[in-house]
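Engineer: sequence-free structure coming up:
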């Protein structure tokens, strides 16, 4: 089973870097940066050079080089990324607490999986949720029922890859 991540509308460069580092550790195939999620510097970067360098340096603080070891791609349009992944055989899973969500600890993927992670405060927007085939959630016992996106993503990566480590 292949696992890829879609980081959609994540605000923090530190969360983006941390997810890159965890992705490297768990052997994630690829990361897609969508929406306004910050991404590392790339060849033919369209951003202003000083902004691209600043964002790249901030990501590197938590990625620690994994931005160079994990395959990644940036595309503002999440729908385009999801449609492409679905065409090549991926099931699209949103990591989000919803009325339809399944308990992550009870889910075992049977096909290649693309997991969408969303905004640190608002979670995934309605568009991204509507494009997902399934919704998965991490069971919570506390009153807050919320985790940092990088922590939640890392827990999900661990669970989804544990049998292949």
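Structural biologist: Looks like it arrived, so ask away. All values reported here derive from a predicted model rather than from experimental measurement.
Engineer: which residues in the protein form strands?
Structural biologist: Counting by DSSP state E, the chain has strands at residues 3-8, 30-34, 72-74, 91-95, 102-103, 113-117, 134-137.
Engineer: Which stretch among those strands approaches residue 43 most closely?
Structural biologist: strand 72-74 (11.3 Å; CB to CB). Using the backbone N, CA and C atoms, a C-beta is placed for each residue, glycine as well.
Engineer: Okay, buried residues for the closest one please.
Structural biologist: 72, 74 (16 or more other CB atoms under 10 Å).
Engineer: residues contacting the closest residue in space to residue 85 that isn't next to it in sequence?
Structural biologist: Spatial nearest neighbour of residue 85, chain neighbours left out: residue 114 (4.6 Å); criterion: CB to CB, 6 or more residues apart in numbering. Shown in contact with residue 114 (CB atoms under 8 Å, 6 or more residues apart in numbering): 3, 4, 5, 6, 32, 82, 85, 90, 91, 92, 93.
Engineer: Show me which of the residues you listed are buried.
Structural biologist: Burial by neighbour count, 16+ other CB under 10 Å: within the contacts of residue 114 this picks out 3, 4, 5, 6, 32, 82, 85, 90, 91, 92, 93.
Engineer: Make sure the last one is actually in contact with residue 132.
Structural biologist: Spelled out, it's residue 93. Yes - contact criterion CB atoms under 8 Å: residue 93 and residue 132 qualify, at 6.2 Å.
Engineer: list the residues that contact both of these two?
Structural biologist: residue 116.
Engineer: okay, now the nearest residue to residue 24 once chain neighbours are set aside: neighbour count?
Structural biologist: Spatial nearest neighbour of residue 24, excluding adjacent residues (CB to CB, 6+ apart): residue 66 at 3.9 Å. Look at residue 66: counted by other CB atoms under 10 Å, it has 23 neighbours.
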